[in-house]
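Peer 1: build the 3D model from these lines:
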Amino acid sequence: MDPRFRSGTYKRIKKKIPSGKVVLHFEKRKVNPAVCAVCKNVLPGVVSRRPAELKKLSKSKKTVSRVYGGNMCSKCVRDKIKREYIGK
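Peer 2: Got it, this is the predicted structure:
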């Protein structure tokens, strides 16, 4: 087995090939979606990809055009703005 496949990065999947033998296939694990920093809900409009794939995407696919775009959801941003301006 190749040393890079020994880590937990890869998921081990047993597959039966046409000859009837069972072999191990290695797949990258599923990527977690981007979540809001405050409420931990999934951020809509932000794709979930591996870091190497994210580098190749355009900025419009990685964030939402709003303050705190790829970091906080719209509801939490709204609440934060209300607290800052109304709370004073």
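
Peer 1: for the rest of this, base every contact and every neighbour count on C-alpha atoms.
Peer 2: Noted.

Peer 1: quick one: contacts of the lowest-mean-pLDDT helix or strand in the chain?
Peer 2: Every helix and strand of the chain was ranked by mean pLDDT, DSSP states H and E. The lowest is helix 59-62, at a mean of 86. With contacts defined as CA atoms under 8 Å, 6 or more residues apart in numbering, helix 59-62 is touched by G45, V46, V47, L54, G70.

Peer 1: check the gap between the residue lying closest to the first one once chain neighbours are set aside and K15 for me.
Peer 2: In space, G45 comes closest to V64 once its chain neighbours are excluded; the distance is 6.4 Å by CA to CA, 6 or more residues apart in numbering. Using CA to CA, to the nearest Å, V64 is found at 40 Å from K15.

Peer 1: spatially, which two of the contacts of helix 59-62 are the most separated?
Peer 2: Within those, G45 and L54 form the most distant pair, 13.9 Å apart (CA to CA).

Peer 1: out of the contacts of helix 59-62, who's the most crowded?
Peer 2: G70 (21 neighbours; other CA atoms under 10 Å).

Peer 1: which one is that one nearest to, not counting chain neighbours?
Peer 2: T63 (4.4 Å).

Peer 1: G69 is in contact with that neighbour, correct?
Peer 2: Yes: between T63 and G69 there is a contact at 5.4 Å, judged by CA atoms under 8 Å.

Peer 1: and for these two, which residues touch both?
Peer 2: By CA under 8 Å, 6+ apart, no residue touches both T63 and G69.
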